[in-house]
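Asks: The sequence and its predicted three-dimensional model are supplied below.
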Amino acid sequence: MIFIDSSNVREIERFYRMGVIRGVTTNPTIMFKDGVIGGLEGVKQRSIEIANLVSPYPVSIEVMTNDPDGMKEQAIEFSKWADNIVIKVTIHGPNGELDNITLIHELEKACNVRVNVTAIMSAQQCLLASLAGATYVSIFGGRVNDMGSNVCSEITKTRKVFDSLKLNTKLIIGSVREVLNIVEWYEVGADIVTVPPNLLERMFMHPYSKETVQMFLNDAGKIND
């Protein structure tokens, strides 16, 4: 499945109407880039608009604090905005704090809130997040590759571990840098790749397709002459 990594309603609607996306992911960085303002109220309005547009497909919205109590409060509040909202929580805090794992477990098991665990870079992080109860785990594939590693090995390991332990967590790969990554990551075990609009558009295009279409049109014109 393909999710679109965006909070731009026009872009999301465009690809949703094509029938090629099965969900949406976003975060504060994306929302800021896409012009969301007005604090939590602005985030709420945009999130509800997107969720209503693509329902019943999932829409991942990230909490906007690293305070444990604040994260839980926001997660529960955000999840009430629409039935298809999934809450993004990072694998740990900026200094390696592990409160997030406890929160993930509580949200999934006690609060009936679906969680997408993000900022993951390794198979072992995926395993622990899944065992904590996460519905989704998101490896930032482009960032792993940027560090000089090949994320394909982490995807393959995660897929084997999930399958061998019969874990139902869905494996998302994001932080896409190149079109070639997308099918490549499916080949090695991704359930979902979340793709920004510019790369999603480029997936359709091929110079020989353009050339072939033009040839057909030219020949059709000759037939009609």
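Replies: Okay, I see it. Residues are numbered from 1 along each chain as shown.
Asks: Just the CA trace of the host helix or strand of Ser138, in PDB.
Replies: Ser138 belongs to strand 136-140 when assigned by DSSP states H and E. The C-alpha trace of strand 136-140 is given here as PDB (Å, rounded to 0.1, in the frame of the first residue of the first chain):
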ATOM      1  CA  TYR A 136       2.300   0.600  12.800                       C
ATOM      2  CA  VAL A 137       6.100   1.100  13.000                       C
ATOM      3  CA  SER A 138       7.800   3.500  10.700                       C
ATOM      4  CA  ILE A 139      11.400   3.100   9.600                       C
ATOM      5  CA  PHE A 140      12.900   6.300   8.200                       C
END
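Asks: how distant is the helix or strand immediately after it in the chain from the center of its chain?
Replies: Per DSSP H and E, the first helix or strand lying C-terminal to strand 136-140 is helix 141-146. Helix 141-146 has its C-alpha centroid displaced from the chain centroid by 15 Å (Cα atoms, centre = their mean, to the nearest Å).
Asks: May I have the strands that pair with the strand holding Ser138, each with its orientation?
Replies: According to DSSP bridges, strand 136-140 forms sheet pairs with strand 115-120 (parallel), strand 170-174 (parallel).
Asks: contact partners of the shortest one?
Replies: In this case it means strand 170-174. Residues from elsewhere that reach strand 170-174 (Cβ atoms under 8 Å, 6 or more residues apart in numbering): 3, 5, 25, 116, 118, 126, 135-142, 151, 155, 158-159, 162, 181, 185, 189-194. The C-beta positions use only the backbone N, C-alpha and C, and glycine is treated the same way.
Asks: Got a PyMOL select line for the buried ones in these?
Replies: Per 16 or more other Cβ atoms under 10 Å, the buried members of the contacts of strand 170-174 correspond to this PyMOL selection:
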select buried, resi 3+5+25+116+118+126+135+136+137+138+139+140+141+142+151+155+158+159+162+181+185+189+190+192+193+194
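Asks: do you know how far Ser79 is from Asn52?
Replies: 15 Å (Cβ to Cβ, to the nearest Å).
Asks: Just want to know which of those two has more residues nearby.
Replies: Ser79 (19 against 12; other Cβ atoms under 10 Å).
Asks: right, and that one touches Ile87 too?
Replies: Yes: contact criterion Cβ atoms under 8 Å: Ser79 and Ile87 qualify, at 5.8 Å.
Asks: So for the two, which residues contact both of them?
Replies: Contacts common to Ser79 and Ile87, judged by Cβ under 8 Å, 6+ apart, are 113-114.
Asks: Name the spans of this structure whose pLDDT lies under the cut-off.
Replies: 225 (pLDDT under 70).
Asks: just the strands in it please.
Replies: 2-5, 24-25, 59-62, 85-90, 115-120, 136-140, 170-174, 192-195 (DSSP state E).
Asks: mind checking which of these is nearest Gly38?
Replies: strand 59-62 (15.1 Å; Cβ to Cβ).
Asks: Can I get that closest one in CSV? Just the C-alpha atoms.
Replies: The C-alpha trace of strand 59-62 is given here as CSV (Å, rounded to 0.1, in the frame of the first residue of the first chain):
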residue,chain,number,x,y,z
VAL,A,59,-4.4,9.4,8.9
SER,A,60,-1.3,9.6,11.1
ILE,A,61,-1.1,12.7,13.3
GLU,A,62,1.9,13.3,15.5
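Asks: for that strand, the distance to its chain's centre please.
Replies: Worked out by Cα atoms, centre = their mean, strand 59-62 lies 8 Å from the chain centre.
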